[in-house]
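Q: sequence plus predicted model, see below.
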Amino acid sequence: MSKLSSYYEHFEKIDLPQIVINLLYAQIFYFINASLFNHIIEKAELCKAATGFAIKMTISQLEEWASKQHDILLPLIRGQFDYITEAANVLVIDKSIFLSEEVVASIFVKLNPVQIKHILASFSPDEYASGERAEVSDAVVQALDGHVFKSADKTLLLNPNNFVITPNS
């Protein structure tokens with residue numbers, strides 16, 4: 001956080017326009033979001049509740065930092081960390097939620113069924129999630145297979161080099 005703060009202060013000191021600062025931080029946050037998301041997709045050992053809780057804690061700390069810098073930065077963080085936030089939610093919630101396509105679609109607006117299924121297929125219970133609530137049952141797998149079949153979006157990884165056109169996109 002100290003590096004983010006020192007650069008932010010430097011940009012303000014040299015009178016860089018606020019819109020440029022906002023776009024720069026939006027791009028940094030998106031890059032972190034995409035890179036971390038891809039890392040979870042590519043490394044099955046990260047697909048556990050402890051990782052989800054660690055991500056949620058880190059995003060919370062970034063939100064706290066942003067709220068102290070400038071009003072616009074907090075919405076930027078929330079907008080740019082949407083994929084990794086949803087991936088963390090997949091890791092920490094009761095897995096039976098994935099039986100309902102409507103519920104999944106209402107909770108996970110960014111992740112597509114292919115991404116959700118991949119995370120759950122790699123999921124392993126740990127000290128933070130165990131028992132029936134953490135079990136990815138055959139019924140959940142079958143339900144997700146149906147969601148994947150119906151989905152037009154089959155994208156698995158994100159491109160961390162995408163350019164963020166506007167802070168709110």
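A: Right, received. Where do you want to start?
Q: which residues of this protein fall in helices?
A: Counting by DSSP state H, one finds helices in the chain at the ranges 2-13, 18-42, 49-69, 73-80, 82-92, 101-107, 113-122, 138-150.
Q: for P160, which of those helices is the nearest?
A: Across the helices of the chain, P160 has its closest neighbour in helix 18-42 (3.8 Å, Cβ to Cβ). Where you see a C-beta, it was placed from the backbone N, CA and C, and this is true even at glycine.
Q: thinking again about what came up before, can you flag the weakest of the helices of the chain by average pLDDT?
A: Sorting those by mean pLDDT places helix 73-80 lowest, at a mean of 82.
Q: tell me how far F149 lies from K117.
A: 11 Å (Cβ to Cβ, to the nearest Å).
Q: wait, I meant S67
A: Noted for S67: a distance of 35 Å to K117, by Cβ to Cβ.
Q: between those two, which one's more packed in?
A: K117 (23 against 12; other Cβ atoms under 10 Å).
Q: residue contacts, that one?
A: K117 sits next to 141, 144-145, 147-148 when contact means Cβ atoms under 8 Å, 6 or more residues apart in numbering.
Q: could you turn the buried ones of those residues into a ChimeraX selection?
A: The ChimeraX selection below is limited to those of those classed as buried (16 or more other Cβ atoms under 10 Å):
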select :144,147,148
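Q: which one among the contacts of K117 gets closest to S60?
A: Closest to S60, out of all of those and judged by Cβ to Cβ, is L144, at 28.4 Å.
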